[in-house]
Structures are given as structure tokens and as C-alpha cells.
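> Okay, here's the prediction I keep looking at, along with the sequence it came from:
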Amino acid sequence: MQVKTEKLIEDVMGGSGLLEMLHRDMPIDSSTFSIKEGKTYGLVIVDEVNGFATPGAGNLAPRSFDPQIFLMVEETNKLAREFSRRNWPIIAFLDTHDPDKPEIPYPPHCIKGSGEENLVPDLQWLEEDKNAFLMRKDCINGYIGGLQPDGSNLISDWVRKNGVQVMVVVGICTDICVLDFVVTALSARNHGSLPPLEEVVVYSKGCATYNLPVEAAKVGGALAHPQAITHYMGLYIAKSRGALIADSITFPEYVDIHAQESRSQLMLHAL
Ligand SMILES: [Zn+2]
């Protein structure tokens, strides 16, 4: 028994051991999510801004190249381009703060005018994309950030206006801003506040979180935040509240109507 307990503590304290335990004892069973004709889909991009995702960009940005964050941006870009060329709605949250209004418990980040509050370079094209709505927010939870002084909510307005039945969510951090938004959207849906929303899908490769191993956390007196484990926990809790976790997303074959039209026009001219 003693040996077993010691082994358990070792597993819990050692990051990789704990991750193995989570996979074994709290499996997520993520799967491929197939986007089908006949439903309306909306893409939600959470806080893929420089201040969180560009190496060296600020207090809460990765210090150096981070593979999980790099993959998140790459996968988000692919997904957003698929949505955009189908003219499907996209909403991007941009964490943005006034310099005199700190967001406790975090150090200053994404201050207006610093550049940290803007989309990462690979996603900046969304600023000009007619399908994308950029929403600045000054708190973790995008649903709360969408609350307006008159009581309306930018998220429910976006869902209603675009008839979004399935939300696909990506972004950073899996266990913080993404999770808070997902669980709130699921509660709002169940409460009847987000019609016609039916389903929330979290795309795991399009999400990332930050890394603060226990040794580094001790130095600064911060809370440890090992990346792989907290990312997994974020996905697990989202799933436990009713989100669908996807590790890949497939689209139906894309038919570019405009290209077809111009092709037939060309053929007509040739005749
Ligand atoms: Zn913030």
C-alpha cells in the first residue's frame, strides 16, 4: 500500500506521469467532427492576439517558440480560411485593457495601443474580412465581455443574426478564456438565451494554453501551470459540461459558385 501511495504521489507530482493518469482515468475520447450541409456553423476565435501568442510580445506571451501555440495559430488559420471562403460567420475575441484598469490576478497585458491586443500576424487578414466580427473584451469570459450597457449581448446578437446552430471554438487559453466562454455558452443555450445554438464544438488542435512548470512558478511565487496537463483539463471540463471535443474537422467539398460562373462565362465568350 505504501509503495502504491508513493507511486501515486510521484505520478501526481511528475508532470508526464499525471498526464498519463489523466488519459487513462479521465479519457476524453475526442473524435473527428464532420461539418455537414444543412446546418449553420460559426467559428469563435478566442484571444489569438500577440500578447498571448506571439513569442516575446508581453508579460503573458510565450518567452520563446511554443509548439502548442504555433499549432493553434496554424490550425485556426486553416479553419478560418475554410469558413471565410464559404462566407460563414467568424467572431474573434481580442483581449484588450485600459492601462488604468488592471485585470486581477494577472500582470498588465494586452494594453490598448501596445500592439499586444491585436491579432497575431497570421490572422491579421481577418481585420479586413467581411465575414469576421472582431470583438474587444476586457475580462476572461467572452460572453461576459459581450455584455453591453443596454443589457444586450454581442454574442447572442451574433448567434441570432447569423443563425448559428453549431459553434466551433478555438483559441487561448484552453483552460481559461476558452473554457469560461464554452461553459457559459452551454449554460446560456440551456437557459434559452442563445437561439438557435444547438451545439458547441471545441477543436483541440486549435487551442493552446501557457506553460509555467512548477520549478519556475516557485521562483515567482505563482501558481504552477504545466501546459500539457492544463490544456487537457480544459478540454476535459468543457466535455464534462456538454461540449464536443474534436481532434480534426472535416468539411464537405467546397463548390465555388463565383468561380463556376466565371468559368461558364469564359466558355460562353469562347463560343
Ligand atoms: Zn486580459
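The structure has been received and is ready for your questions.
> for the ion, what are the nearby residues on this structure?
With Cβ under 5 Å from the ion as the criterion, the chain comes near the ion at residues Asp95, Glu103. To be clear about C-beta, it is placed using only N, CA and C from the backbone, and glycine gets the same treatment.
> Where does pLDDT dip in the chain?
Scanning the chain for pLDDT under 70 picks out the ranges 1-16, 256-271.
> all helices for it, in order.
2-13, 15-25, 50-53, 67-85, 142-145, 154-162, 179-191, 214-220, 227-240, 257-270 (DSSP state H).
> Dump these into TSV; add mean neighbour count as well.
Shown next, in TSV, are these (neighbours: other Cβ atoms under 10 Å):
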stretch	mean neighbour count
helix 2-13	10
helix 15-25	13
helix 50-53	26
helix 67-85	18
helix 142-145	22
helix 154-162	18
helix 179-191	20
helix 214-220	11
helix 227-240	20
helix 257-270	9
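> how about those helices, which one is nearest Lys112?
With Cβ to Cβ as the criterion, Lys112 lies closest to helix 50-53 of the helices of the chain, at 11.2 Å.
> what sits up against that closest one?
47, 57-62, 69, 72-73, 95, 109-110, 114-120, 172-173, 208, 210 (Cβ atoms under 8 Å, 6 or more residues apart in numbering).
> in the sheet, who's paired with Val46?
Per DSSP bridges, the residues bridged to Val46 are Phe93, Gly171.
> can you tell me which residues contact it?
Phe93, Gly142, Val169, Val170, Gly171, Ile172, Cys177, Val178, Phe181.
> follow-up on the earlier one: which of the contacts of helix 50-53 fall within strands?
Under the assignment DSSP state E, those contribute Asp95, Ile172, Ala208 to strands.
> Sort out which of the contacts of Val46 are buried, if you could.
Phe93, Gly142, Val169, Val170, Gly171, Ile172, Cys177, Val178, Phe181 (16 or more other Cβ atoms under 10 Å).
> ok, now which ones touch the fourth one?
With Cβ under 8 Å, 6+ apart as the criterion, the residues that contact Val170 are 43-46, 48, 72, 75-76, 79, 178, 202-203, 206-207.
> number of nearby residues for the closest residue in space to it that isn't next to it in sequence?
Spatial nearest neighbour of Val170, excluding adjacent residues (Cβ to Cβ, 6 or more residues apart in numbering): Gly206 at 3.1 Å. Neighbour count of Gly206, defined by other Cβ atoms under 10 Å: 29.
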